[in-house]
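Enquirer: Sequence and predicted structure are below.
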Amino acid sequence: MERAMKHKLLDLHTEVAAALAAGRPVVALESTIISHGMPWPQNAETALAVEAEVRKHGAVPATIAILDGRLKAGLTCDEIERLGRMGPAAAKVSRRDIPILIAHGGTGATTVAATMIIAALAGIRVFATGGIGGVHRGAEVSFDISADLHELARTPVAVICAGAKSILDLRLTLEHLETHGVPVIGFRTDTLPAFFSRDSAFGVDVRLDEPDQIARVMKAKWDLGLDGGLVVANPIPAQYALPREVIDRAIDQALTDAHAQDITGKSVTPFLLARVNALTGGDSLAGNIQLVLNNARLATAVAVAYAALSA
C-alpha cells in the first residue's frame, strides 16, 4: 500500500495519515457534491453519510477539498459543514484552479480531476464519486470536454462511479477514454451505466464481478508503470434507477433551458443536474444520493482488496 506523501501544501487528517502510514485502506471522496451538487443541509448530511458508509465497510474516508489555500485529504465535520453552508460560493476546483486558490488562500470544493490529484499526492489509490465528467453533447462545436478525462489519463487513481453523467455524450466519452488508454471496467455489468439509469447502449472494456478482480487490474497497471487511472462503472441500485426515456426527456429540456440562458463552462453541469432534478420531481436527487452511497461501498471493498495485495 502506498504510504502518505509529505507535501508542504498538503494537510492530512490525523485519521487518514495514521491509516496510510499503517497501510490500511483509505477511500478518497470529492467535495463538489457538497458545495455544488446538493442544497444545504442535504449536502453535508449526504457527505457525512457517505463517510459513515466507508467506515462501516472497513476503510477510512478522506473527503478532499482546498481550505484557506491548503490542500486537504480528510475533513472534519465542521469543515464539511462549512462547505455545505457556503454552497456555490465555494470555488469549483479543477486542475487549472488549484494553484490559483493556493496562491490566494482560497477555499474550494474539488471536482473529480482535482480530487484525483490531491488523492494521488496523499498516496490514496481509490476514489468514490457519483459520476465522472466527459464529452458534452455538442462538443464538436463547443469543444466542451471535462478535465476529468484528461486526469484519468495521467493520474494513478481508480475512480468508482455510476458511469458518466447522463447529460453527456456517452459514445464520445468512451472514445476519448479509449484513445488515452483508460480502462473502463463494468462492475457486474456489460454496459456502461448512465448515472441515473443502470445501462446505456454502450459496452464497457471488461466486466468484473468481484472487488478483488478490480484490485488486481489496478496493481497490474501500476506495476507495469502505465500512466493514469481506471474507471470502475457501478450501476445505480435497481430500486432507485430511473427509466432511460424519462431521464432523456428531462435532459433534453434542461439542455434547451441552458442554451436559452446562455449557460456555459463549469456552470453547465450543476445547472443541468439541478434542472433535471426539478423536472423529475426530485427523483433524480434521491437517486443521486443512493448511487453515491453504493459507489462508496464498492470503493471500500476495492480499497480493502488493494491494500491486501499491496501489503
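Expert: Looks like it came in fine.
Enquirer: need the longest helix for the protein.
Expert: Across the chain, the longest stretch assigned as helix under DSSP state H is helix 283-310.
Enquirer: Could you tell me what pLDDT the model assigned to Val246?
Expert: Val246 is assigned 82 on the pLDDT scale.
Enquirer: Make 815 the first number, not 1, from now on.
Expert: Yep, numbering from 815; the last one is Val1060 now.
Enquirer: What number of residues are in the vicinity of it?
Expert: When counting by other CB atoms under 10 Å, one arrives at 16 neighbours for Val1060. For glycine as for every other residue, the C-beta is placed from the backbone atoms N, C-alpha and C.
Enquirer: give me the element it is part of.
Expert: Using DSSP states H and E, Val1060 maps to helix 1058-1074.
Enquirer: got the buried residues for the helix or strand bottoming out on mean pLDDT in the chain?
Expert: When each helix and strand of the chain is scored by mean pLDDT, DSSP states H and E, helix 953-956 comes last, with a mean of 72. For helix 953-956, burial by neighbour count (16 or more other CB atoms under 10 Å) applies to Ala953.
Enquirer: what residues does that helix touch?
Expert: Residues outside helix 953-956 that contact it (CB atoms under 8 Å, 6 or more residues apart in numbering): 950, 959, 983, 986, 1078.
Enquirer: and with 10 Å instead?
Expert: Contacts to helix 953-956, defined as CB atoms under 10 Å, 6 or more residues apart in numbering, come from residues 950, 959-960, 982-983, 986-987, 990, 1078-1079, 1082.
Enquirer: Redo the residues you listed as a markdown table? Include pLDDT and distance to Leu1099.
Expert: Converted to a markdown table, the contacts of helix 953-956 look like this (pLDDT from 0 to 100; distance: CB to CB, whole Å):
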| residue | pLDDT | distance to Leu1099 |
| --- | --- | --- |
| His950 | 76 | 21 |
| Ile959 | 87 | 26 |
| Ser960 | 91 | 21 |
| Leu982 | 84 | 19 |
| Asp983 | 89 | 23 |
| Leu986 | 95 | 27 |
| Thr987 | 95 | 23 |
| His990 | 96 | 28 |
| Thr1078 | 76 | 24 |
| Gly1079 | 72 | 23 |
| Val1082 | 74 | 18 |
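Enquirer: What is the nearest of those residues to Ala879?
Expert: Distance to Ala879 across the contacts of helix 953-956 (CB to CB) is lowest for Ser960, with 19.0 Å.
Enquirer: if I pick the closest one, what's in contact with it?
Expert: Shown in contact with Ser960 (CB under 10 Å, 6+ apart): 908, 925-927, 946-950, 953, 966, 978-979, 982, 987, 990, 1080, 1083.
Enquirer: How far does the helix holding Val1060 sit from its chain's centre?
Expert: Its chain's C-alpha centre and that of helix 1058-1074 lie 22 Å apart, by CA atoms, centre = their mean, to the nearest Å.
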